[in-house]
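Visitor: A predicted structure for the sequence below; I have some questions about it.
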Amino acid sequence: MAERPYIVGNWKMNGTRAMLSEVRAIDRSSQRLMKVEVALAPPYTLIHAVHREVEQIGVGAQDCHPGVDGANTGDISASMVADAGAKFVILGHSERRENHNESSELIRAKITAAVEAGMRVILCCGESEATRDAGDAEAFVTKQIRESLPDVLDNPTDQLTVAYEPIWAIGTGRTPTLDDIAAMHSSIHSTLVELYGEDHAAQVRILYGGSVKPDNAKELLAVDGVGGALVGGASLAAESFLGIVLAAAEAQDQ
Ligand code: PEP
C-alpha cells in the first residue's frame, strides 16, 4: 500500500443534523486509529456542520458542478463545497452516471474544476453485471478512467484517488472474488502508469467499494492493490463504519 489505507464513507442522500452524534463518535474513535485515514462525504447540507464537528477525519462532497459560478439553479460549485469545509469531492459515482446521465466527458470537466478549486478527487469507476459477464470488465473500466481523467494533473499523488465500485456490488451484499478485485486493481494501476508515469501512479490509492461491511472488510482490504474502501450503507452508523476502520488498521499490521 502506498500510504495509510483510506476509508471513506459516502452518505449519499442520507443524514440530517440528528446524525452529527454518529460523526462525533466516528471522529473520536478515529483519533485512536491513526494508521488509517478516515473521511466522510455527507450530503451538501451537512458539510459545514460536519466540518465544524470533527478534529481528525476528512470531510468531502459527493459531487460538484463543472462551472465556477453563474445561472445554474440548484447546482453547487467546487469552490462552494470547499468554502463549506470539504477537502475532497467524489466524482463519477455510478449513481450519478446512471441517474443523472453523467458522461465521462462531464466527469472530466468536474475533476478539472475540483482540482482548480484546490480539492482532492475520488474518481469512481466500475462495470455493470452484464459487462462483467461478457468478460469486458477491465476494458470497460480502463476506458472509463482514460475518458474521465484530465491528461494533466499537477500532482496526481495528492490530487487523485480512484475507487473501483462494480455497479452490481453496490448495496446488494454481493462482492467480486478476491482474485477479480486484485486483477481489476492491477489493471487500474497500469492505466494510471500510462497516464501519469510509474512514480505518480505508485502513490495513487485505489479503493474498493461495493458492499464493504465490518465482517468482510479485513479480507477485502488485504487484497493486493487495495488501498482502502469507499463505503455506502455501512458508513451511516458509527458502529459499523468503525468496524471497517478497525479492520483496515488490523490489515496494516499483517
Ligand atoms: C457506494 O455506493 O459507494 C457503496 C460502496 O455503497 P455500499 O457500500 O452500500 O455498497
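Guide: Perfect, thanks for sending it.

Visitor: Contacts only, for the spatially closest residue to Val141 that is not a sequence neighbour.
Guide: Computed as CB to CB, 6 or more residues apart in numbering, the closest residue to Val141 that is not its neighbour in sequence is Cys125, at 5.0 Å. Where C-beta positions appear, they are placed from N, C-alpha and C, glycine not excepted. Taking CB atoms under 8 Å, 6 or more residues apart in numbering, we find Cys125 in contact with Gly92, Val141, Gln144, Ile145, Ser148, Val162, Ala163, Tyr164, Glu165, Ile188.

Visitor: Kindly recompute the last result at 7 Å.
Guide: Gly92, Val141, Gln144, Ile145, Val162, Tyr164 (CB atoms under 7 Å, 6 or more residues apart in numbering).

Visitor: All the strands of the stretch 101-250 of the chain, residue numbers only.
Guide: 120-125, 160-164, 206-209, 228-231 (DSSP state E, counting those that start in this stretch).

Visitor: Quick check: bridge partners of the residue nearest to Val141?
Guide: Tyr164 (DSSP bridges).

Visitor: Check which helices and strands the lowest-mean-pLDDT helix or strand in the chain sits against.
Guide: Least confident helix or strand, the chain: helix 156-159 with a mean of 79, by mean pLDDT, DSSP states H and E. For helix 156-159, the packing partners by 3 or more CB pairs under 7 Å, 6 or more residues apart in numbering; DSSP states H and E come out as strand 120-125, helix 198-203.

Visitor: Tabulate the strands of the stretch 101-250 of the chain (JSON lines), appending distance to Lys218 and mean pLDDT.
Guide: Shown next, in JSON lines, are the strands of the stretch 101-250 of the chain (distance: least, CB to CB, whole Å; pLDDT from 0 to 100):
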{"stretch": "strand 120-125", "distance to Lys218": "22", "mean pLDDT": "98"}
{"stretch": "strand 160-164", "distance to Lys218": "18", "mean pLDDT": "97"}
{"stretch": "strand 206-209", "distance to Lys218": "12", "mean pLDDT": "98"}
{"stretch": "strand 228-231", "distance to Lys218": "11", "mean pLDDT": "98"}
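
Visitor: Now distance to the ligand too, for the ones you listed, in CSV please.
Guide: Listed next are the strands of the stretch 101-250 of the chain as CSV, based on distance: least, CB to the nearest ligand atom, whole Å:
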stretch, distance to the ligand
strand 120-125, 7
strand 160-164, 7
strand 206-209, 4
strand 228-231, 5
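
Visitor: can I get the ones you listed in TSV with distance to Tyr6?
Guide: As requested, the strands of the stretch 101-250 of the chain are exported to TSV (distance: least, CB to CB, whole Å):
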stretch	distance to Tyr6
strand 120-125	9
strand 160-164	6
strand 206-209	6
strand 228-231	4
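
Visitor: Any residues of the stretch 101-250 of the chain in contact with the ligand? List them.
Guide: Applying CB under 6 Å from any ligand atom, we find that the stretch 101-250 of the chain lies next to the ligand at Glu165, Ile170, Gly171, Gly209, Gly210, Ser211, Val212, Leu230, Val231, Gly232, Gly233, Ala234.

Visitor: Thanks again, I'm all set now.
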